[in-house]
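Peer 1: sequence plus predicted model, see below.
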Amino acid sequence: MSSSTSQSPVHPDFIPVNRRKRKSRATNPREPPLAAVQRVRDELARDDGWLAQCQQILIDAPLARAPLDVLCLGLGSPTASPNARAQLAFLLAACERLSIDRAKVSLYDPVFTPEDRMLFSELGLQLLAENKARMRNAPGASLPPAPGISCY
């Protein structure tokens, strides 16, 4: 065995190498959350009429004729999850089509981040501090999470 400390006693030909620092590696700038949600809304609108079909189903529903409050539970973090972004984009498009004021849309999920909260504020949506699904008195719609964007 050689006296060199840089070689492994089991594999004499192995020489450990320190990892290079990647100072020059460019990082891609992250898309702003509001722009990301708008991009997904545009993608949903272009997808062979799927969004229009869903909106028509909502329009034909009996509750669509009454003023609605909307409660969205378990959305996930739209700043971190493409599926949550797709669900939020669908929610916004549906509310727009049904003429539901965004101030009447309440969201709750314990995973919301400060960045999510800022996004909801920019969109004019209400954020609940706790799950109030059982405390509802007004007519409304509750939206559970939908399948991911790959299902659309």
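Peer 2: Received, thanks.

Peer 1: let me see the ranges of the strands in the chain.
Peer 2: With strands called from DSSP state E, the chain shows them at 69-73, 105-108, 126-127, 140-143.

Peer 1: contact partners of the third one?
Peer 2: Spelled out, it's strand 126-127. Residues from elsewhere that reach strand 126-127 (CB atoms under 8 Å, 6 or more residues apart in numbering): 103-108, 112, 117, 120-121. From N, CA and C alone the C-beta is placed, and that goes for glycine too.

Peer 1: also stretch 95-104?
Peer 2: 55, 58-59, 64, 67-70, 92, 94, 105, 123-126.

Peer 1: just to revisit the earlier point, figure out which of the strands of the chain is closest to residue 44.
Peer 2: Across these, residue 44 has its closest neighbour in strand 140-143 (15.1 Å, CB to CB).

Peer 1: measure the closest residue to residue 44 other than its chain neighbours to residue 97 for me?
Peer 2: Excluding its sequence neighbours, the residue lying closest to residue 44 (CB to CB, 6 or more residues apart in numbering) is residue 51, at 4.7 Å. Taking CB to CB, to the nearest Å as the measure, residue 51 falls 9 Å from residue 97.
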